[in-house]
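S.K.: Give me a 3D structure for the following:
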Amino acid sequence: MSLQLGAAPPSGGSGAPPGPRPPSKPRVRTARRPRSFTQTDVFTLVGCAASALALTWMTFTVLVGGGSWFGFLVVAYLVFLGLFALVTTDRLGRLVATDRVATVVIATFTVMLIVPLAWIIGYIVAKGLPGLTWRFFTSDQRGITPLRPATAGGGAHAIVGTFEQVGIALVLSVPIAISTAVFLNETRHRLRRPVRVVIDAMSGLPSVLAGLFIYTAIIIPYAKEGKFFGYNGLMAALALSLVMVPTITRTVEVVLRLVPDGLREAGLAVGASRARVVWSVVLPTARTGLTTAVILGIARAIGETAPLLFTTLGFSYMNANPIDGPQESLPLFIYRNIRNPSTVTIQRGATGALVLMMMVLSLFALARFIGRDRRPRGTRAPRRSATPARQS
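M.R.: Next up is the predicted model:
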């Protein structure tokens, strides 16, 4: 029998028709973690919590005969975790139960951190809001006696002093901190290790030592030389700069490590010097991180009180000249008023704390605004989908 052109040869050497295909092996599906709590999981959570409370209450009241509320909560929580793990393992398996228990533990610690923070913020707002008026931002404590209400007088002198002291400290510390971070990350000098040790040691020292250093090294020896070296806002700014430098340096160093090495290599490949690459490529790329580092440095120093006790002493009247005598700041204003036994004075200090908290919040909002993505919306990289695409 002749074969036709273009016809496929018969399968098999003997020309027999093809046999049945062997059955394919079934695909083994691996267990996957559910991405969210279902309604059944919520009912299970609530039921285990109620059962744990009932079991712990019976144990503490009937078998033990009483106990502290802290021990009751700890035992009830541990019993709840055990019951929730057993029930979830029986329903969904061990892998999902482990994931659910870890989620509950993380959520518990998150709540334990948020509740005290919310309580502190609420306390400051409740105590300080009644005394927060426009007069607080426009007047000082001139002529204010302890018998006057909390709305009398203000803290304008403390706000001006805080802005001046932190601003001077920022001008002094930011160039030093960024230069040190660039030296530690962009060079291979043999002094990198000693410098890093000094920065780590400075970040671990108490802030009061910064004030003591300025007091013993500058104020005491040179106080008679002129008003520049006495108790004033400039000395406070020097102490705050010692607090800000290690914080900004370590944060900027971490940010510079995140810049891809390919950008540095591309800049060096076109003939640019290493300094030019750092100035024109590395630092602009890390702009958002640099802004965050500066804000962290300000937040680290803006609430410090101990260094100011040895450098500026505080002053109840307006003094806008940082080199002319003692100067007030918000931390000192809060410290002196909170320590006073008068209820009105304590409320005035709480108002200062509320203003200080608002200033820090405004700084973080400004940092987010400065470090935002300025590229047009159409040129931004698309976000990856949370669920992987199905393969056909």
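S.K.: only C-alpha atoms for contact and neighbour calcs from this point on.
M.R.: Will do.
S.K.: now the end-to-end length of stretch 57-77.
M.R.: By C-alpha to C-alpha, to the nearest Å, the extent of stretch 57-77 from end to end equals 12 Å.
S.K.: What's the mean pLDDT across that stretch?
M.R.: Stretch 57-77 comes out with an average pLDDT of 80.
S.K.: what's next to it, contact-wise?
M.R.: 49, 52-53, 55-56 (C-alpha atoms under 8 Å, 6 or more residues apart in numbering).
S.K.: and if you look at stretch 169-178?
M.R.: Counting by C-alpha under 8 Å, 6+ apart, residues outside stretch 169-178 touching it are 237-238, 240-242, 244-246, 248-249, 252, 294, 298.
S.K.: Please put the alpha-carbon coordinates of that stretch into CSV.
M.R.: Extracted C-alpha coordinates of stretch 169-178, given in CSV (Å, rounded to 0.1, in the frame of the first residue of the first chain):
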residue,chain,number,x,y,z
ALA,A,169,20.0,73.3,65.7
LEU,A,170,18.6,72.1,62.4
VAL,A,171,20.9,74.4,60.4
LEU,A,172,23.9,73.2,62.4
SER,A,173,23.1,69.5,62.4
VAL,A,174,21.7,68.7,59.0
PRO,A,175,24.9,69.4,57.0
ILE,A,176,27.0,67.6,59.5
ALA,A,177,24.7,64.6,59.6
ILE,A,178,24.3,64.3,55.8
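S.K.: Off-centre distance for the helix or strand encompassing residue 237?
M.R.: Per DSSP states H and E: residue 237 is located in helix 233-257. Here helix 233-257 shows a centroid-to-chain-centroid distance of 16 Å under the convention C-alpha atoms, centre = their mean, to the nearest Å.
S.K.: Can you spell out which helices and strands pack onto the helix or strand just after that helix?
M.R.: Counting by DSSP H and E, the next helix or strand C-terminal to helix 233-257 is helix 261-269. Where contact means 3 or more C-alpha pairs under 8 Å, 6 or more residues apart in numbering; DSSP states H and E, helix 261-269 is packed against helix 274-277.
S.K.: what's next to the helix it packs on, contact-wise?
M.R.: Residues contacting helix 274-277 (C-alpha under 8 Å, 6+ apart): 264, 267-268.
S.K.: Would you mark the buried spots in it?
M.R.: residue 277 (16 or more other C-alpha atoms under 10 Å).
S.K.: where does residue 327 fall, phi/psi-wise?
M.R.: In terms of degrees, to the nearest 10, the main-chain angles of residue 327 are phi -140, psi 140.
S.K.: check contacts around it.
M.R.: 158, 161, 232-233, 312-315, 318-320.
S.K.: secondary structure element for residue 148?
M.R.: Judged by DSSP H and E, residue 148 forms part of no helix or strand.
S.K.: for residue 108, same thing?
M.R.: Applying DSSP H and E, one finds residue 108 within helix 94-128.
S.K.: do the same with residue 291
M.R.: helix 287-302.
S.K.: Now that helix: average pLDDT?
M.R.: So the average pLDDT for helix 287-302 ends up being 85.
S.K.: Under the pLDDT cut-off, which ranges of the stretch 101-250 of the chain? List them.
M.R.: 226 (pLDDT under 70).
S.K.: check contacts around the closest residue to residue 212 other than its chain neighbours.
M.R.: Once flanking residues are discounted, residue 212 sits nearest to residue 310: 6.4 Å by C-alpha to C-alpha, 6 or more residues apart in numbering. Applying C-alpha under 8 Å, 6+ apart to residue 310 gives the contacts 211-212, 215.
S.K.: what's the pLDDT at residue 310?
M.R.: Looking at residue 310, the pLDDT reads 89.
S.K.: and it, how far is that from residue 218?
M.R.: 11 Å.
S.K.: so what sits against both of those two?
M.R.: In contact with both residue 310 and residue 218: no residue, using C-alpha under 8 Å, 6+ apart.
S.K.: Nearest residue to the middle of the protein?
M.R.: residue 296 (8.1 Å; C-alpha atoms, centre = their mean).
S.K.: Settle this for me: that one is touching residue 250, isn't it.
M.R.: No: using C-alpha atoms under 8 Å, residue 296 makes no contact with residue 250, being 10.7 Å away.
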